[in-house]
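Student: Quick check, what structure comes out for this input:
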Amino acid sequence: MSAAPRAAAGAYAASFGAIALAAYKPDEPMFARQLQSIQAQTHTQFVCLISVDGNPEPVRAMVRRACGQDDRFRVLGYENRLGFHHNFERALKEVPAEARWVALSDQDDYWYSEKLSTLLPQLDETALVTGQARVVSPEISATDRDPTKGNLTDRRSVGAADLIANNQVTGSLCVFRREVLNLALPFPSMPTPAQYHDHWIGICALAVGGVKVQNLVLQDYIQHGGNVVGESRQRLLSSIRNTFRFVRRYEGNASPRSICRIIYKTGLGWRQLMAQTLRDRLALRGIPPLDGLEHALAVYSRPHCAALIRLLIRGMRGGNVPPMRVLEILMGAALRRWGS
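Tutor: Predicted coordinates:
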């Protein structure tokens, strides 16, 4: 089955696009189920680029067993491991020039057949659109399509400052226009657990047309012991534990200076890097940012304590930025001198 681009200018509903899937040692039954759910999409005009983070041959064999001779599914082989952030970047760099939209996929979720056909028409009005998902175990996903079984994600449309503070764009739930990708590549990079490809893509989408949330459940977001990123509510004690776990992983030791660095990077540093990178790219391309985005980028690029606190308090009062996230960012700002 081939995927030839065919779409009238300005219409996304029937257009050709690309799905970027990042894979790392996938569980074959869950991986096959996800691939087959993509294969069963009612919108058929796409190529699925599967970027393997190390040792591509076993994954290539899994794709053949799951998808047969469907040539829309292409495995990109890389021996070196980069982690999920840059593995998605590698896949996105291979998106063909004729693709007018891009979707991201995890290796172990399950898309409902109407996901793409529901979201793509919305790209006529916005640069990125995301749906919601049912958060369930693999067992429930495989046996029960009742949308009331399991928790639902709570993605919401927010302003620029709140999106920088607290990401609302889950990559595997969204589709976006090609011009977002043109702005987002190459990805900024910082060794921190706060570095998320979808957070960066969401901020870029605000600059070139906006982000829209559809309150429609369009897939299962599978939670299991092997998730790299999960759907959870952060608590103070778990945040402290994670700090000590991540400081050794990302800084190599747990010295006081290293702890300060990881708190800075996780709380403020990644957001500061995103803001400054986007600000520079918009200026280089002559793209004027919207008023709200321009102010948010300015505050996060060169943080001034009072201005940052005002943005965070406003976001917390509006219910868009959780208190734990506010504390995390302010702690990062307080340790900026020792952490950067």
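
Student: Whichever strand in the chain runs longest: partners in the sheet, and parallel or antiparallel?
Tutor: Among the segments of the chain that qualify as a strand by DSSP state E, the longest is strand 211-222. Using DSSP bridges, strand 211-222 pairs in its sheet with strand 110-111 (antiparallel), strand 128-136 (parallel).

Student: Turn the ones you listed into a markdown table, including mean neighbour count and distance to V59.
Tutor: Where C-beta positions appear, they are placed from N, C-alpha and C, glycine not excepted. Below are the strands paired with strand 211-222 laid out as a markdown table (neighbours: other Cβ atoms under 10 Å; distance: least, Cβ to Cβ, whole Å):
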| stretch | mean neighbour count | distance to V59 |
| --- | --- | --- |
| strand 110-111 | 24 | 18 |
| strand 128-136 | 24 | 24 |
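
Student: So N167 lies in a helix, does it not?
Tutor: No: counting by DSSP: H, G, I helix; E, B strand; the rest coil, N167 falls outside a helix, being coil.

Student: And for it, nearest residue in space, chain neighbours not counted?
Tutor: In this structure, N167 finds its nearest non-sequential neighbour in H199, 4.1 Å apart by Cβ to Cβ, 6 or more residues apart in numbering.

Student: tell me which element that neighbour is part of?
Tutor: helix 197-207 (DSSP states H and E).

Student: Show me the strands in the chain, by range?
Tutor: Counting by DSSP E, the strands of the chain are 17-23, 46-53, 73-78, 101-105, 110-111, 128-136, 151-152, 174-177, 211-222.

Student: Among these, which comes closest to I164?
Tutor: With Cβ to Cβ as the measure, strand 211-222 is the member of the strands of the chain nearest I164 (12.1 Å).

Student: how about the closest one: buried residues?
Tutor: Going by neighbour count (16 or more other Cβ atoms under 10 Å), the buried part of strand 211-222 is 211-214, 217-222.

Student: Kindly report the same for stretch 325-340.
Tutor: Buried residues in stretch 325-340, defined by neighbour count with 16+ other Cβ under 10 Å: 325-326, 328-336, 339.

Student: Who are the contact partners of the closest residue to H43 other than its chain neighbours?
Tutor: Nearest non-adjacent residue to H43, counting by Cβ to Cβ, 6+ apart: L116, 3.9 Å away. With contact taken as Cβ atoms under 8 Å, 6 or more residues apart in numbering, L116 is in contact with 41-43, 46, 103, 175.

Student: burial measure for the closest residue to Y12 other than its chain neighbours, as a count.
Tutor: Closest residue to Y12 apart from its sequence neighbours, by Cβ to Cβ, 6+ apart: L123 at 4.0 Å. When neighbours are counted by other Cβ atoms under 10 Å, L123 registers 24.

Student: Would you enumerate the residues in contact with L123?
Tutor: Contacts of L123 (Cβ under 8 Å, 6+ apart): 12, 101, 129, 175-177.

Student: most neighbours, which of those residues?
Tutor: Most neighbours among the contacts of L123, by other Cβ under 10 Å: F176, with 30 neighbours.

Student: what bridges to the nearest residue in space to that one that is not next to it in sequence?
Tutor: Closest residue in space to F176, ignoring its immediate chain neighbours: L128 at 3.9 Å, by Cβ to Cβ, 6+ apart. Using DSSP bridges, the bridge partners assigned to L128 are F176, V211.

Student: show me the contacts for L128.
Tutor: Residues near L128 by Cβ under 8 Å, 6+ apart: 169, 174-177, 180, 201-202, 205, 209-212.
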